[in-house]
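Peer 1: Build me a model from this:
(one chain, ligands or ions: 1)
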Amino acid sequence: MVSWETLYTAVIDGDVATARAGTQECIDAGTAAESLLNEGLIAAMKEVGRRFEEGEYFLPEMLVSAKAMKASLALLRPLLTERNVPLMGRVALGSVRGDLHDIGKNLVAMMLQGAGFEVIDLGIDVTPEKFVQAASGAQVIGLSALLTTTMPSMGQVIGALREAGVRDRVKVIVGGAPVTQAFADELGADGFSPDASSAVRKVQELLGLS
Ligand code: B12
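Peer 2: Model prediction:
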């Protein structure tokens, strides 16, 4: 029988076909999407990161693992974004300049959509100017960075919002594996969350909805 363990192994092995088929089988069998996500996909990506750091995996392995995870997430997306609440607000999300990682940002987007937020996905490698433009149509701006080298781009976005005179009109929330509450405080961000579900709670809190 397939379970989250099938997905865990498929992502580590970069086996796109098994990730896709296994996810569909788990969904059909009624396994909770959260369990597939947390025990299966996210845990597997942590292990991939560990192997990369230890020199056991290289860029191509990391890339196929990301592909397998994305194939599975594409099937989980409808379950995670299903909305049974009215529209709560609009959040613009993007991976900051220089950063091509988007799996975590996409997950945050899905969870926010599931909680009733409209999400404007600005994509990856997003310039401060683009975030400033998005500020006119959103109550919250979410910045994602997965590299220590792109974390400073977050500060540049906050600086650009200030320069454009719109910093007070939007809340800024930051996240990504290397980002911490201390870093968020240093930047002058309004919020930080270590994962997608707490990101939803943080956005609700910032907008006075909780
Ligand atoms: C997959 C992956 C890739 C894929 C990305 C594919 C994609 N489309 O995203 C590819 C192969 C392209 C890649 C490339 C690189 N990568 Co890479 N990658 C990873 C890996 C293994 C997993 C990241 C991931 O998807 N995790 C799963 C998601 C669900 O978790 P997450 O991103 O952390 O997101 C969660 C939270 O952080 C939070 N969150 C995320 N964003 C936001 C935003 C907001 C607003 C909030 C509130 C919360 C939030 O919620 C999310 C969900 O719970 C990590 C290892 C790791 N442990 O992080 C390395 C890692 C991030 N990569 C690393 C490196 C070095 C690189 C490269 C430089 C490698 C190279 N030599 O070229 C390039 C850089 C490319 C670039 N310019 O961005 C290093 C970074 C080291 C560092 N200290 O900076 C890591 C840590 C690997 C390692 N252990 O060394 N990578």
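Peer 1: alpha carbons only for contacts and neighbour counts from here, please
Peer 2: OK.
Peer 1: from the middle of its chain, how far away would the top strand by length along the chain be?
Peer 2: Determined from DSSP state E, the single longest strand within the chain is strand 117-126. A distance of 10 Å separates the centroid of the chain from that of strand 117-126, by CA atoms, centre = their mean, to the nearest Å.
Peer 1: and residue 172, what is it in contact with?
Peer 2: For residue 172, the contact set (CA atoms under 8 Å, 6 or more residues apart in numbering) comprises 140, 141, 142, 143, 158, 189, 190, 191.
Peer 1: partners of the second one in the sheet?
Peer 2: Spelled out, that is residue 141. Going by DSSP bridges, residue 141 is paired in beta bridges with residue 92, residue 172.
Peer 1: what's around it, how many residues?
Peer 2: Residues near residue 141, counting by other CA atoms under 10 Å, number 26.
Peer 1: That one touches residue 89, doesn't it?
Peer 2: No. Residue 141 lies out of contact with residue 89 (CA atoms under 8 Å); the separation is 11.5 Å.
Peer 1: where along this protein do the helices fall?
Peer 2: 4-13, 16-28, 33-35, 43-53, 59-81, 103-114, 128-135, 151-163, 181-187, 196-206 (DSSP state H).
Peer 1: where among those is the average confidence lowest?
Peer 2: Here the lowest mean pLDDT among the helices of the chain goes to helix 33-35, at a mean of 91.
Peer 1: Please see if it touches the ligand.
Peer 2: No. In terms of CA under 6 Å from any ligand atom, no part of helix 33-35 sits within range of the ligand; the closest distance is 11.1 Å.
Peer 1: what's that helix packed up against?
Peer 2: For helix 33-35, the packing partners by 3 or more CA pairs under 8 Å, 6 or more residues apart in numbering; DSSP states H and E come out as helix 59-81.
Peer 1: In this structure residue 90 contacts residue 115, no?
Peer 2: No. Residue 90 is not in contact with residue 115 according to CA under 8 Å; the separation is 11.5 Å.
Peer 1: Show me which of these two is the more surrounded one.
Peer 2: Using other CA under 10 Å as the criterion, residue 90 and residue 115 rank with residue 115 on top: 22 against 18.
Peer 1: Not counting sequence-adjacent ones, nearest residue to the more buried one?
Peer 2: residue 83 (6.4 Å; CA to CA, 6 or more residues apart in numbering).
Peer 1: quick revisit: export the longest strand of the chain as CSV, just CAs?
Peer 2: Output of strand 117-126 as CSV, limited to C-alpha atoms (Å, rounded to 0.1, in the frame of the first residue of the first chain):
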residue,chain,number,x,y,z
PHE,A,117,-6.6,35.0,0.9
GLU,A,118,-6.2,36.1,-2.7
VAL,A,119,-2.5,35.6,-3.6
ILE,A,120,-0.6,37.6,-6.3
ASP,A,121,2.3,35.3,-7.1
LEU,A,122,5.2,37.6,-8.3
GLY,A,123,7.4,34.5,-9.0
ILE,A,124,11.1,34.2,-8.5
ASP,A,125,14.0,36.6,-8.7
VAL,A,126,11.7,39.5,-8.0
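Peer 1: Thanks again, I'm all set now.
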